[in-house]
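Student: Next comes the sequence, and after it the predicted model I'd like to discuss.
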Amino acid sequence: MTGTLFARDALLPGGWARDVRLEWDEAGTLSRVNPGAAPEGAPVAAGPVLPGMPNLHSHAFQRAMAGLAETRGHPTDDFWTWREAMYHLVAHLEPEDVGAIARQLYIEMLKHGYTSVAEFHYLQHDRQGKPYADRGELAHRVVDAARETGLAMTLLPVLYVNGGFGHKPLNAAQRRFAGTAESIADLLRELIGHYANEPWLRFGVAPHSARAVDAVQLTELVQAMEGIDATAPIHIHASEQVGEVRECFETQGVTPIDWIMDLAPVDRRWCFVHATHATDEERERMRHAGAVAGLCPTTEANLGDGIFAFAEHFGREGRWGIGGDSHVSRSPLEELRALEYSQRLARQIRNVSSSGTQPEVATNLWLGACAGGAQALGQPIGALLPGRRADIVVLDGGKADFEALAAPATLAVAMFSGAGNPVRDVFVSGRPVVVDGRHRLEDEARGGYRESLRRLRDRT
Ligand SMILES: [Zn+2]
């Protein structure tokens with residue numbers, strides 16, 4: 001729908017601008033972004049206006065176990081013991097659960113300022129590990145949840161072949177993820193045909209990780225994707241865990257990102273999710289290729305993964321974005337805060353994500369994550385610019401803490417002094433999806449989510 005909005009302060013790609021009149025067309029694409037303008041009848045935004053944030057990494061179903069793996073089960077609990085808890089949930093999910101959890105999650109994400117998501121979709125089969133009558137059953141559930149809630153999506157069906165390095169067989173839980181390069185390419189063709197007229201929805205592909213695909217399957221999938229959509233996003237988990245890096249080195253003779261980059265024509269389509277333990281050389285290779293580092297700071301902290309060398313990557317203008325991953329947080333402000341804090345703790349200095357030209361940390365972080373997220377999702381988003389989608393976040397300028405503050409300080413307070421949600425209004429494709437802090441489906445979605453949790457917690 002066409003629309004207009006007048007922002008006393010708006011965050012444009014070059015920084016904050018005053019008196020910006022935004023205008024979008026019937027398709028929800030920004031047609032004019034004019035600083036120094038008058039409202040000319042446009043509604044006036046209730047606070048500083050930001051480009052909507054892309055969430056570049058999500059496993060929606062994991063929302064149902066957020067905060068539920070915080071009891072010691074083993075003296076050295078780590079990612080691998082957390083994964084056992086996650087597999088326990090996987091074993092009990094029915095399609096209606098997947099839909100209900102995703103709806104709840106997507107509304108929470110919208111309310112906190114995410115306007116699009118890359119869904120890394122690896123739960124494919126039924127509880128016995130058999131394909132559903134419609135093999136896209138669970139993909140349709142998450143796409144439906146996105147459509148109903150108004151969140152834009154890049155759906156990435158995942159190729160998951162092996163249970164670990166050295167062609168380890170899949171275990172019982174992992175059978176729900178099983179596929180081949182051929183079956184994933186077929187699924188993608190079906191989905192792309194089925195959703196031909198949905199401009200908010202794009203498809204890409206995700207070889208799961210160096211431990212779950214071998215060289216042949218990885219190469220086949222990337223080649224098949226070039227025939228389906230040569231510019232589609234390609235995401236892969238890489239170097240999240242020291243154990244994974246070690247095993248990769250022992251079995252393949254190289255570390256995971258090098259292994260992937262030696263095999264595949266990595267370029268700007270690619271997103272290396274986590275990249276936590278990337279070596280200096282691997283980070284440089286990623287940077288030269290124009291690939292995005294897909295950082296998931298709260299999940300990585302929750303899982304005890306380690307700390308990505310963000311200060312170095314940021315300092316060299318490497319591409320990066322943020323993902324909610326396991327959804328222990330649904331807020332981009334929290335993700336960016338965790339990212340900056342990880343660097344401060346590691347380096348014992350403050351205000352890491354800044355530069356001589358842009359000293360404002362929060363502004364830098366929001367703009368960087370928007371740009372990298374847009375690239376990783378392969379959609380025209382992430383900036384308030386003509387030609388980009390009108391995905392817009394309005395902060396609540398009426399909050400007491402924001403009194404008499406300029407816009408950069410308002411965003412800093414929102415990011416670094418944070419109880420409560422400072423987001424007031426959210427637009428996706430120019431459509432208001434969150435108005436005065438409320439999503440129109442939030443009560444209904446919460447009801448469905450509760451029912452689903454009750455069933456799941458009975459079952460498990
Ligand atoms: Zn992940």
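Tutor: Now that the structure is in, tell me what you want to look at. Treat the numbers as computed from the prediction; the structure is a model and nothing was measured. Numbering: from 1, shown residues only.

Student: can I assume residue 421 is in contact with residue 438?
Tutor: No: Residue 421 lies out of contact with residue 438 (Cβ atoms under 8 Å); the separation is 11.3 Å. Heads up, the C-betas are built off the backbone N, CA and C, glycines and all.

Student: With neighbour numbers in mind, choose between the two.
Tutor: A direct count of neighbours by other Cβ atoms under 10 Å for residue 421 and residue 438 places residue 421 higher, at 19 against 13.

Student: how near is the closest residue to that one other than its chain neighbours to residue 331?
Tutor: Closest residue to residue 421 apart from its sequence neighbours, by Cβ to Cβ, 6 or more residues apart in numbering: residue 112 at 5.8 Å. Separation of residue 112 from residue 331 (Cβ to Cβ, to the nearest Å): 4 Å.

Student: Reduced to three states, what does the nearest residue to residue 47 once chain neighbours are set aside come out as?
Tutor: With sequence-adjacent residues excluded and distances taken as Cβ to Cβ, 6+ apart, residue 47 is closest to residue 397, at 2.8 Å. Assigned by DSSP: H, G, I helix; E, B strand; the rest coil, the conformation of residue 397 is coil.

Student: Against residue 372, how distant is residue 397?
Tutor: To residue 372, residue 397 is 27 Å away according to Cβ to Cβ.

Student: neighbour-wise, which of these two wins?
Tutor: Using other Cβ under 10 Å as the criterion, residue 397 and residue 372 rank with residue 372 on top: 24 against 19.

Student: Disregarding flanking residues, what is the spatial nearest neighbour of that one?
Tutor: In space, residue 372 is closest to residue 321, 3.4 Å off (Cβ to Cβ, 6+ apart).

Student: State the three-state secondary structure for that neighbour.
Tutor: Three-state call for residue 321 (three-state DSSP): strand.

Student: what sits against it?
Tutor: Neighbouring residues of residue 321 by Cβ atoms under 8 Å, 6 or more residues apart in numbering: 54, 56, 271, 292-295, 368-376.

Student: from these, which would you call buried?
Tutor: 54, 56, 271, 292-295, 368-376 (16 or more other Cβ atoms under 10 Å).

Student: How many neighbouring residues does residue 58 have?
Tutor: 29.

Student: swap that for residue 78, sorry
Tutor: Neighbour tally, residue 78, other Cβ under 10 Å: 14.

Student: got it, and the one 4 residues further on?
Tutor: Residue 82 sits with 19 neighbouring residues when counted by other Cβ under 10 Å.

Student: What separation do you get for it and residue 449?
Tutor: 22 Å.

Student: Check residue 318 too.
Tutor: In this view, residue 318 and residue 449 are 37 Å apart by Cβ to Cβ.

Student: Which parts of the stretch 201-350 of the chain are helices?
Tutor: 215-228, 242-252, 256-263, 280-289, 297-303, 310-315, 332-347 (DSSP state H, counting those that start in this stretch).

Student: For residue 360, find the nearest of the ones you listed.
Tutor: helix 332-347 (11.9 Å; Cβ to Cβ).

Student: Now do the helix or strand following that closest one and helix 332-347, the angle between them.
Tutor: Toward the C-terminus, helix 332-347 is succeeded by helix 361-377 as the next helix or strand (DSSP states H and E). For helix 361-377 against helix 332-347, the angle by axes from the mean of the first three to the mean of the last three Cα atoms, to 10 degrees is 110 degrees.
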